[in-house]
Each structure stands twice: as structure tokens, then as C-alpha cells.
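**Q** for reference, the sequence and a predicted model appear below.
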Amino acid sequence: MNTSASPPFRSRSVERIVRGQATSDGDGVKLTRVLTQPLQQRLDPFLMLDAFGSDAAADYIGGFPDHPHRGFETVTIMQEGRMRHRDSVGNVGLLEPGSVQWMTAGRGIIHSEMPEQEAGRMAGFQLWVNLAARDKMQPPAYRDVAPANVPEFNTAEGAKVRVIAGQSHGVAGSVTRPVTEPIVLDLTLPAGATFDAELPAGHNAFAYVSAGGVDIGEVSPTRVDAERMAILGNESKADGVRIVAAADLAVPARVLLVAGRPLGEPIAQYGPFVMNTTAELQRAVSDFQRGVLAV
């Protein structure tokens, strides 16, 4: 569908630009950890953002064999490649280009994500979204969203907007979550194109540029280059954020725009377990070791 640009509004500014840390996870999968533990309180309710992308099979072929989670949600967004999901609840799903997987670990789940290719490019993101204390021990849940089922629209300037979660310009996303009320938009902007995104004033927000470059803000826009995350300021009178694809680069920009309502609760993390207290973490580890985490 097509939609016109939103009315003018006051844009958030860029508070800080973050460069991710190269690391590996799973069975040696190379990735960039963009949102790290020191940023969890500032970007509450978001706990982690990993960006992965490689043409070399050796960088991803080991995949992510069986591993546990408790206390939060994982969101996997595939741009390129194919990966198979299996979990302890009995879910099986295929992640393919353009698809999204939203998994609520709740009280516990064990899953694997393994490549279904031996050559070619694999690229995408995994975002971790915290659960409120009262929801951390809820039953696990899983949802696959096929590419065709991710709502999208195009603006008059040619911006393509895929609404993964929340809503934008009156278009509801494929996922709606209570409490944290996340907004996740996958943007493709032609060089020079402007996109104004509405963001609730109380939400923490960031934008990760995976390709091209953008200028964020209005009065004194800040350039954000590829493979950089911009933490957006929480100006009380701002209605959203203005993102303009860099005209001087003459290439489309790809941006993952994320916002969510902060929980304001203590965060206690030990690897794949995210709870509120050390005692709860110890219980999670014990449950996993005794084989009852996902029972």
C-alpha cells in the first residue's frame, strides 16, 4: 500500500552513536553485538541486539545448537539466508529472507537455530526484549511470520516500511506485545528520502543502520554511518524521529528502528537467563542442570 508522509513534528535527536563489538556465539557464528549489557538500563526494555551477515559459510555454518532461555523474548529478523528453528515445545519453523520469528521464552525453552544452506550469504538480526517480572514465568510461546505476512507500506518519497511490531502511519504490525509495547520497523530508504516515524514520548528508542547512511534529527541532523547504532534522545516534546537517507552516498539506506516502553525493573542476567534477582538466576541455572527448565 502507499501512504503519504506524516505531518511535520519535532524529531528526537541522536544522544550517542554506538559501534558494535565483533564476537561469536553458538557454534562459532560470527556476529556483531550492538546492544550490550552496559546499555540495558538505558535502552530498557531491550537487552541485546546482534547483527550478523557473511558470505563465508565458515562464519555461520555451525549455527546455534540446542541452548536454553528464560525470562525474556527473542526476535529474529532474517534479511538473507535460511535457518531452521526447533524447540522443546515441539515447534519447528523455517526462517527465510524477510521472515520474522518472535519467541517468548517465559519460564523456559530450549531451542536450536541451524543453517539450511552450505553456501551463500546469511544476514539478519536478533533482538532480545525483556519481560516484566510478573510475566517471566509464563508458558513459552512461539510465532513464525512469513515474509508475505509482515505488513508494509511505501511513502510518497519511495521509502519502504516493514512493520514488524507495533504500528506506523496507521499500519499495524505483525506482532503486538503488551507492557513493553515494542515498535520494530525495517526501513529501506532511497538516497535523499525522508521518513518521519511516530514514537511515544515515554519509549526508549534506537536506530541501527545496516547499509548506506542516514541523517537523524531536524535542526542539526547527525550522520549515522552503516554498522552503527544511534541511541535516540528522550526529549519530552518530541513526537518521533526524522530519518533522511544520505543523498551524497547515492545508495539506499537500510535501518532497523526500535522503540519500547521501559519496565523500570532490576535486570539480572547470566548468559541466556534474564531475571530480576540473583536468587532467580540461581534457580534458572539449577532448573536447567536438573532438566526441568523447560518442563
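**A** Structure's in. What do you need? Numbers count the residues shown, from 1 in each chain.

**Q** all contacts plus neighbour counts: C-alpha atoms, from now on.
**A** Fine.

**Q** who's in contact with the spatially most central residue of the chain?
**A** Nearest to the mean C-alpha position of the chain, by Cα atoms, centre = their mean, lies L127 at 3.5 Å. L127 makes contact with F46, L47, M48, L49, D50, T74, V75, T76, according to Cα atoms under 8 Å, 6 or more residues apart in numbering.

**Q** ok so it is a strand residue?
**A** Yes - according to DSSP: H, G, I helix; E, B strand; the rest coil, L127 belongs to a strand.

**Q** per-residue confidence for it?
**A** Looking at L127, its pLDDT reads 98.

**Q** for V219, same thing?
**A** Looking at V219, its pLDDT is 86.

**Q** what's the distance between it and V14?
**A** Applying Cα to Cα, to the nearest Å, the value for V219 to V14 is 12 Å.

**Q** got it, and R86?
**A** Distance, R86 to V14, using Cα to Cα: 39 Å.

**Q** same deal with A250?
**A** A250 sits 23 Å away from V14, going by Cα to Cα.

**Q** which residue sits closest to the residue nearest to the centre of the chain, ignoring its sequence neighbours?
**A** In space, and not counting its chain neighbours, L127 is closest to L49: 4.5 Å by Cα to Cα, 6 or more residues apart in numbering.

**Q** helix, strand or coil for the one you found?
**A** Following three-state DSSP, the label given to L49 is strand.

**Q** follow-up on the earlier one: which one's more surrounded, R86 and V14?
**A** Legend: neighbour count by other Cα atoms under 10 Å for R86 and V14, higher for V14 (23 against 17).

**Q** now do the contacts for the residue nearest to the more buried one when sequence neighbours are not counted.
**A** Counting by Cα to Cα, 6+ apart, L232 is the residue found nearest to V14 once chain neighbours are left out, at 4.7 Å. For L232, the contact set (Cα under 8 Å, 6+ apart) comprises R12, S13, V14, E15, R16, N204, A205, F206, A207.

**Q** F72: what's it in contact with?
**A** The contact partners of F72, taken as Cα under 8 Å, 6+ apart, are T104, A105, G106, W128, V129, N130, L131, K136, V274.

**Q** same check, this time on A165
**A** A165 neighbours (Cα under 8 Å, 6+ apart): A172, G173, S174, V175, T176, R177, P182, I183, V184, L185.

**Q** go with 6 Å
**A** Contact partners of A165, counting by Cα atoms under 6 Å, 6 or more residues apart in numbering, are G173, S174, V175, T176, I183, V184.

**Q** so which of the residues you listed is the closest to P262?
**A** The nearest member of these to P262, counting by Cα to Cα, is I183 at 12.3 Å.

**Q** that closest one against G166, yeah?
**A** Yes - using Cα atoms under 6 Å, I183 is in contact with G166, at 4.4 Å.

**Q** look at these two and report which has more neighbours.
**A** Remark: of I183 and G166, I183 carries more neighbours, 25 against 20, as counted by other Cα under 10 Å.

**Q** and that one, how close does it get to N204?
**A** Distance of I183 to N204, computed by Cα to Cα: 10 Å.

**Q** hey, what's in contact with both of the two?
**A** A259.

**Q** which parts of the stretch 151-295 of the chain are strands?
**A** Per DSSP state E, counting those that start in this stretch, the stretch 151-295 of the chain carries strands over the ranges 152-155, 160-165, 167-168, 171-172, 183-189, 194-198, 204-211, 213-216, 222-225, 228-232, 240-245, 253-260, 268-270, 273-275.

**Q** can you put the ones you listed in CSV and add mean pLDDT?
**A** Formatted as CSV, the strands of the stretch 151-295 of the chain follow (pLDDT from 0 to 100):
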stretch, mean pLDDT
strand 152-155, 98
strand 160-165, 98
strand 167-168, 97
strand 171-172, 98
strand 183-189, 98
strand 194-198, 96
strand 204-211, 98
strand 213-216, 98
strand 222-225, 98
strand 228-232, 98
strand 240-245, 98
strand 253-260, 98
strand 268-270, 98
strand 273-275, 98
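
**Q** what's the least confident helix or strand in this structure, going by average pLDDT?
**A** Using mean pLDDT, DSSP states H and E, the weakest-scoring helix or strand in the chain turns out to be strand 2-3, at a mean of 44.

**Q** can you list the weak-confidence ranges in this protein?
**A** In the predicted model, the chain carries pLDDT under 70 at residues 1-8.

**Q** how does it look with 50?
**A** 1-6 (pLDDT under 50).

**Q** in it, which spans are helices?
**A** Remark: helices assigned in the chain by DSSP state H are 278-289.

**Q** please name the nearest non-neighbouring residue to Q269.
**A** The nearest residue in space to Q269 (Cα to Cα, 6+ apart) is M275, at 6.3 Å.
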